[in-house]
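In: Only the shape, not the letters, is given here:
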């Protein structure tokens, strides 16, 4: 027969085994990003997170993930599966996303590089949807396919390595939209 103390200890141990540990996450201006995610059997870990400000406004919170087992950071290597999550604080129209994406890549790439991407970029830009505060876009590259998802719904999914590298470069490349934001995302 178990003594009352041992029964209590056994009951406590059993209860603790049933309670799952809380998911680890970071928070940026009230937006939570998990420290690790799994997508299609690949585990991605958070490299960095930050807040993008446009002029004086907080525009969006972001988090950058890379698949485990690859050099870190490698934001523009087509060999490295990666994901960029952006949570918006303001409404933005789909046409504005397309215009800014096109203009930014035109500025960041050489004329020849941009010209080589125009067909794929034009197709990609047709998949944007307008966002409201609290919406999340996720740009993903699994090593073979580029994806764009809004609030978990995949809007674009094609094998476009060159376009993937260019799009990640908007935030993570040599001349990003914001150097401080890039450095935060890359955990620098």
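Out: Arrived safely, thanks for sending. All values reported here derive from a predicted model rather than from experimental measurement.

In: Tell me the secondary structure at the residue sitting nearest the centre point of the chain.
Out: In the chain, the residue lying closest to the centroid (C-alpha atoms, centre = their mean) is residue 84, at 1.8 Å. State at residue 84, reduced to three classes by DSSP: H, G, I helix; E, B strand; the rest coil: strand.

In: Just list whatever residues bridge to it.
Out: When assigned by DSSP bridges, residue 84 has beta-bridge partners residue 64, residue 139.

In: so it makes contact with residue 171?
Out: Yes. Counting by C-beta atoms under 8 Å, residue 84 does reach residue 171; the two are 6.3 Å apart. Every C-beta, even on glycine, is put in place using the N, C-alpha and C of the backbone.

In: Find residues that contact each of those two.
Out: Common contacts of residue 84 and residue 171 (C-beta atoms under 8 Å, 6 or more residues apart in numbering): 62, 64, 185.

In: residues contacting the second one?
Out: With contacts defined as C-beta under 8 Å, 6+ apart, residue 64 is in contact with 46-49, 73, 75, 82-85, 171-172, 185-186.

In: how close does it get to residue 96?
Out: According to C-beta to C-beta, to the nearest Å, residue 64 and residue 96 sit 23 Å apart.

In: Residue for residue, what is the longest strand the protein has?
Out: Looking across the chain with DSSP state E, the single longest strand is strand 42-54.

In: helices or strands next to it in the packing?
Out: Counting contacts by 3 or more C-beta pairs under 8 Å, 6 or more residues apart in numbering; DSSP states H and E, strand 42-54 is packed against strand 25-28, strand 31-34, strand 36-39, strand 57-67, strand 82-88, helix 179-185.

In: so which of these gets nearest residue 162?
Out: Residue 162 lies closest, by C-beta to C-beta, to one member of these: strand 82-88, at 15.0 Å.

In: pLDDT (mean, whole number) over that closest one?
Out: In this model, strand 82-88 has a mean pLDDT of 97.

In: going forward can the numbers begin at 880, since that is how I track them
Out: With the count now opening at 880, the last piece we talked about shows up as strand 961-967.

In: and that strand with strand 936-946, angle?
Out: Interaxial angle, strand 961-967 versus strand 936-946 (axes from the mean of the first three to the mean of the last three C-alpha atoms, to 10 degrees): 160 degrees.
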